[in-house]
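Trainee: below are the sequence and a predicted model for it; my questions follow.
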Amino acid sequence: MSIAIIAVLISLLLPMLVQARRHAARTLCMNNVRQIGIGWQSFLGDEGTFPGAEVQPQWRYAGVRFLGGSVERPVADASRPLTEYLHSSESTTAGTVAASLYRCPEDTGLATIGTPDTPSMSAMHGKTCYQEFGNSYRANEWLLDASLSGIDKQPRPLRDAEVSAPPSRLILFGDPVWYYATRDVPPSEQLDASWHSGTNAGHIVTLDGSVRHVSFLGGSLGDFTTAPR
């Protein structure tokens, strides 16, 4: 009889524990992007331009690199433009970093869009975005490459003065679902980055520093934009 009662209690508590765990992960992810967003604002205030990186600027504006060994250890990547705004020089050179700042706890990487007959599969050989790029959070590349919007022929980061879109609507960075859920590509080329509960939903930070959990169902940006003008 007691075993049956315990079994019933477990069946009642398990969904609650799973929900609590997912809520905690979502909260941690939101705190991560909020802190990184402060680094963006500080950089913009000092430099008057968005951060640039020679390779994959949409991922490498900030993040970690991995030291070799039997167990790779993440350390702040001093070559990324926002590093000094998110970590002290002492912690960077010493290799100590709160690696979780750049890692969404529910980061499962990118996956192909599955069907009932063909389940979704990893598009990154089982790696997460954090493992692949040193950062779970993708930035709006239109702000990091002036050639995409025709502002300049050179792929340089935009200056703050070159952006006229409403700051509360302009996506700065966030969970990469905002990018992959709104790409206008054939179904065979679509990727999924739905890490949190709900399809095509995740956290974004807008230019004004606001953090929101947004659903991009239907492949639409809705009230938001990535265009600087």
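Mentor: Yep, that arrived. Numbers count the residues shown, from 1 in each chain.
Trainee: in this protein, which helix or strand is least confident?
Mentor: Counting by mean pLDDT, DSSP states H and E, the weakest-scoring helix or strand in the chain turns out to be helix 89-94, with a mean of 48.
Trainee: in this protein, which residue is most central in space?
Mentor: By C-alpha atoms, centre = their mean, the chain has its centre lying nearest to residue 137, at 1.8 Å.
Trainee: who does the nearest residue to it once chain neighbours are set aside form a beta bridge with?
Mentor: Nearest residue to residue 137 in three dimensions, chain neighbours excluded: residue 173, at 5.3 Å (C-beta to C-beta, 6 or more residues apart in numbering). Every C-beta, even on glycine, is put in place using the N, C-alpha and C of the backbone. Per DSSP bridges, the residues bridged to residue 173 are residue 139, residue 205.
Trainee: show me where the chain has strands.
Mentor: Assigned by DSSP state E, the strands in the chain fall at 64-67, 73-76, 111-112, 138-139, 171-174, 191-192, 201-206, 211-215.
Trainee: for the residue lying closest to residue 52 once chain neighbours are set aside, give its distance to residue 190.
Mentor: If the residues on either side of it in the chain are set aside, residue 52 comes closest to residue 157, at 3.9 Å by C-beta to C-beta, 6+ apart. Using C-beta to C-beta, to the nearest Å, residue 157 is found at 28 Å from residue 190.
Trainee: who's in contact with the residue lying closest to residue 204 once chain neighbours are set aside?
Mentor: Counting by C-beta to C-beta, 6+ apart, residue 204 lies nearest to residue 174, which is 3.5 Å off, once chain neighbours are set aside. Residues counted as contacts of residue 174 (C-beta atoms under 8 Å, 6 or more residues apart in numbering) are 33, 137, 138, 202, 203, 204, 205.
Trainee: doesn't residue 54 make contact with the residue nearest to residue 52?
Mentor: No: judged on C-beta atoms under 8 Å, residue 157 makes no contact with residue 54 at a distance of 11.3 Å.
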